[in-house]
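In: need coordinates for the following:
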Amino acid sequence: MPTTPALVSALRELGDRPAVVADGRAISGIGLLLGVSPPGGLPRALAERVAQHAALAPSAARAAEQRLRYWAGVLGPPPIRHTVLHPATDLAVDLALATLLAGGTVHCGDPDQHPDEQLAALAAHRTTHLSLPSALLWRLSRLPGHAAHDLSALRLVLHVGPEPGQDDVYAAVDTLGAVLAHVRAPDSNTEAADRRLRTDAETATAAAWKHSIGVTAEQVREFGDQLDRAVLTSLLSALQHNGVLTDPTRGYPEAEVLATALVTPAQRPRVARWLDALARHGLITRHDGGAQGPVFHGGPEPTPADVREAWRPPVEAWADGLGPAAALDRVRRGALRLPRLITGEDPARPAAAPVRWAAARGYLGAALGALVRGTAETHDGPAPLRVLELDLDLDGAETAVARALAARPRPDAEHHQAPDGGRYDVVVATATGLPEEEVPALVRLLAPGGRLLLLASTAEQLDLLITGDARGLTAHPAERWRAALTAAGCPTVLALPEDGHPMGLLGQRLFAARVD
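Out: So this is what the prediction gives:
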């Protein structure tokens, strides 16, 4: 009989039991042989392929069966409840037919459905096997709240796409708890764009390398610990100088701290952030005071000599090649002014970038410039390359972008510093808000295939409690930025410097992300 005997036999064996489930409707094995399917999409493609087998010549039928047996071997032994989250591609159809050949059931999922609903469906179907595009897998694996779904039945995940990054694989394994198998998709425009971004990132890393010469991880960690200790000691001393938090046995409601220390209304938000930082880092303690709000108990009172001594180690470490003396001097001088600043005796001064940015700016500026330059040099579109640069808060970012675009005269590159209602090939921004709120707004500014180059703080910068503003304290781990970028539709997200690099310990990272 001119058909694929094994597949037909498997469908007959299924009989009236569900072979394919789509949109809540089950199609039996016999139904598939008879051509029954909902209109459109993967179920219909399956039914059409089954019908085509009946017309195949024996040699073609054997070749088709060999291909399906290969995928059936990848899927492994039953039971198999296989959720396919692909559009109706040839590979998706092969995977579904291989499931039927192995005696399993295919659940046709919706790749455009909300990720939380997709996870809920996997749990409801007790899915044992899942196949989907790699980009969708990374999005699912970084979805908050995935622990609410019981995915204990899941054994194997087949993801189709470019070569995965290690971080993506680890996140997916942690989330889904299943074996991951990567299927390399045929070369495509998407994969070529990924390769170009990774190549440009490698070039950027090489361009920035000289700015990290002589900097070690131990040096950066020690400086950070010493700087934070000096800042916190100065904050506590400034409050105690004004007569509060001097008695560890007495509780001070926040309102009393502000009133007794004569804090002006304009400085109260700043001092409230001080109290939070001092409590989180253990220099004072905080208790729930009910209706009166938090109650704080003071700690040992540092003397002026203690404060001076606290600043000596970070000053010495900083002078050992980390950054310009003026950056740290500004913070140290600001610490001396704190008692007069909060009472209004000294006027507030303009906010400054974090000290660690002064150490990281050379590295990140060189990397940013190389990424912009690489994008400009490979741009071959019919319209000029449109570059939008936003939030120019960090000294040096604007120069890096402007110099990159001017390095080689390119009349087909436009440098914008404010949105004009259009879409951009490159958006350069400095993060100031929550990743889940800020990233989607930035991604919406990108044209298809565009790149987002995002400078973000990934570690708390306590020196901003002295010289910065409330925005400057916004810092979130690199993983949270990656997750937000992936959820916003960026299938490829790279971070410079790479994880574990000494410069990355400064708490400033450059994320390079691409949209399809």
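In: CA only for contacts and neighbour counts going forward, please
Out: Fine.
In: mind checking how far the residue nearest to Pro18 when sequence neighbours are not counted is from Asp90?
Out: Computed as Cα to Cα, 6 or more residues apart in numbering, the closest residue to Pro18 that is not its neighbour in sequence is Ser28, at 4.4 Å. Distance of Ser28 to Asp90, computed by Cα to Cα, to the nearest Å: 22 Å.
In: what does Ala319 give?
Out: As defined by Cα to Cα, Ala319 lies at a distance of 62 Å from Asp90.
In: pLDDT below threshold where in the stretch 351-500 of the chain?
Out: Low-confidence segments of the stretch 351-500 of the chain (pLDDT under 70): 391-399, 407-411, 469-474.
In: packing partners for the lowest-mean-pLDDT helix or strand in the chain?
Out: When each helix and strand of the chain is scored by mean pLDDT, DSSP states H and E, helix 397-406 comes last, with a mean of 72. If you count contacts as 3 or more Cα pairs under 8 Å, 6 or more residues apart in numbering; DSSP states H and E, helix 397-406 packs onto helix 355-378, strand 413-416.
In: partner strands of the shortest one and their direction?
Out: The one in question is strand 413-416. Note on strand 413-416: by DSSP bridges, its sheet partners are strand 385-389 (parallel).
In: can you list contacts of the strand it pairs with?
Out: 376, 379, 398, 412-419, 423-429 (Cα atoms under 8 Å, 6 or more residues apart in numbering).
In: what about 7 Å?
Out: Defining contact as Cα atoms under 7 Å, 6 or more residues apart in numbering, one finds that strand 385-389 is touched by 376, 379, 412-418, 424-429.
In: show residues contacting the strand or helix carrying Glu256.
Out: Using DSSP states H and E, Glu256 sits within helix 254-260. Here helix 254-260 makes contact (Cα under 7 Å, 6+ apart) with Gly243, Val244, Arg268, Gly293, Pro294, Val295.
In: now, which of these sits nearest Gln166?
Out: The nearest member of the contacts of helix 254-260 to Gln166, counting by Cα to Cα, is Pro294 at 43.3 Å.
In: ok, the closest one - how many residues close by?
Out: Neighbour count for Pro294, taken as other Cα atoms under 10 Å: 18.
In: spell out the secondary structure type for Asp306.
Out: Following DSSP: H, G, I helix; E, B strand; the rest coil, we place Asp306 in the helix state.
In: mind checking how far it is from Gly299?
Out: 14 Å.
In: who has more neighbours out of the two?
Out: The neighbour count for Asp306 versus Gly299, taken as other Cα under 10 Å, is higher for Gly299 (18 against 14).
In: only the buried subset of the contacts of helix 254-260, as a ChimeraX command please.
Out: Selection command for ChimeraX covering only the buried members of those, criterion 16 or more other Cα atoms under 10 Å:
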select :244,268,294,295
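In: list the buried residues for the longest strand along the chain?
Out: If you go by DSSP state E, the chain has its longest strand at strand 446-457. Neighbour-count burial for strand 446-457 flags Leu446, Ala447, Gly449, Gly450, Arg451, Leu452, Leu453, Leu454, Leu455, Ala456, Ser457 (criterion: 16+ other Cα under 10 Å).
In: same question for stretch 342-360.
Out: Residues Ile342, Thr343, Gly344, Ala352, Ala353, Pro354, Val355, Arg356, Trp357, Ala358, Ala359, Ala360 are the ones in stretch 342-360 that count as buried (16+ other Cα under 10 Å).
In: got the contact list for it?
Out: Stretch 342-360 is contacted by residues 262-264, 267, 322-323, 327-328, 340-341, 394, 461, 463-464, 467-469, 503, 506, 508 when judged by Cα under 7 Å, 6+ apart.
In: hmm, 8 Å instead?
Out: Stretch 342-360 is contacted from outside by 261-264, 267-268, 271, 322-324, 327-328, 331, 337, 340-341, 393-395, 461, 463-464, 467-469, 472, 503, 506-508, using Cα under 8 Å, 6+ apart.
In: buried subset of the residues you listed?
Out: Going by neighbour count (16+ other Cα under 10 Å), the contacts of stretch 342-360 have 261-264, 267-268, 271, 322-323, 327-328, 331, 337, 340-341, 393-394, 461, 463-464, 467-469, 472, 503, 506-508 buried.
In: sec struct for the closest residue to Leu505 other than its chain neighbours, please.
Out: Spatially, and ignoring its direct neighbours in sequence, Leu505 is nearest to Val220 (6.6 Å; Cα to Cα, 6+ apart). Here Val220 is helix, with the state taken from three-state DSSP.
In: ok so, going back, out of the contacts of stretch 342-360, which sit inside strands?
Out: Judged by DSSP E, the subset of those located in strands is Gln508.
In: what's the helix or strand for Ala6?
Out: According to DSSP H and E, Ala6 maps onto helix 5-14.
In: so for that helix, what gets flagged as buried?
Out: By neighbour count on 16+ other Cα under 10 Å, the buried set for helix 5-14 is Ala6, Leu7, Val8, Ala10, Leu11, Arg12, Leu14.
In: from those, which is closest to Ala124?
Out: For those, the nearest to Ala124 is Leu14 (21.7 Å; Cα to Cα).
In: next up, the contacts around the closest one.
Out: Ser28, Gly29, Ile30, Gly103.
In: now with 6 Å?
Out: Gly29 (Cα atoms under 6 Å, 6 or more residues apart in numbering).
In: tell me the confidence at it?
Out: Turning to Leu14, the model gives it a pLDDT of 87.
In: just Pro339 next, same as before
Out: Value listed for Pro339 in the pLDDT field: 94.
In: was I right about it contacting Ala238?
Out: Yes - Pro339 lies in contact with Ala238 (Cα atoms under 6 Å); the separation is 4.9 Å.
In: A strand includes Asp16, no?
Out: No - residue state for Asp16 (three-state DSSP) corresponds to coil; a strand is not indicated.
In: related to what we said a few turns ago, deepest-packed of the helices and strands packed on helix 397-406, please.
Out: helix 355-378 (a mean of 23; mean count of other Cα atoms under 10 Å).
In: residues near Gln292, how many?
Out: For Gln292, the count of nearby residues is 11 (other Cα under 10 Å).
In: which strand residues bridge the closest residue in space to it that isn't next to it in sequence?
Out: Of all residues not flanking Gln292 in the chain, Pro253 sits nearest, at 6.8 Å (Cα to Cα, 6+ apart). Taking DSSP bridges as the rule, Pro253 bridges to Val295.
In: how far away is Asp110 from Arg139?
Out: For Asp110, the distance to Arg139 - Cα to Cα - is 14 Å.
In: ok, those two, which is more surrounded?
Out: Set Asp110 next to Arg139 and count neighbours by other Cα under 10 Å: Arg139 wins out with 22 against 19.
In: who touches the more buried one in this structure?
Out: Counting by Cα under 6 Å, 6+ apart, Arg139 touches Thr486, Ala487.
In: perfect, I'm done here.
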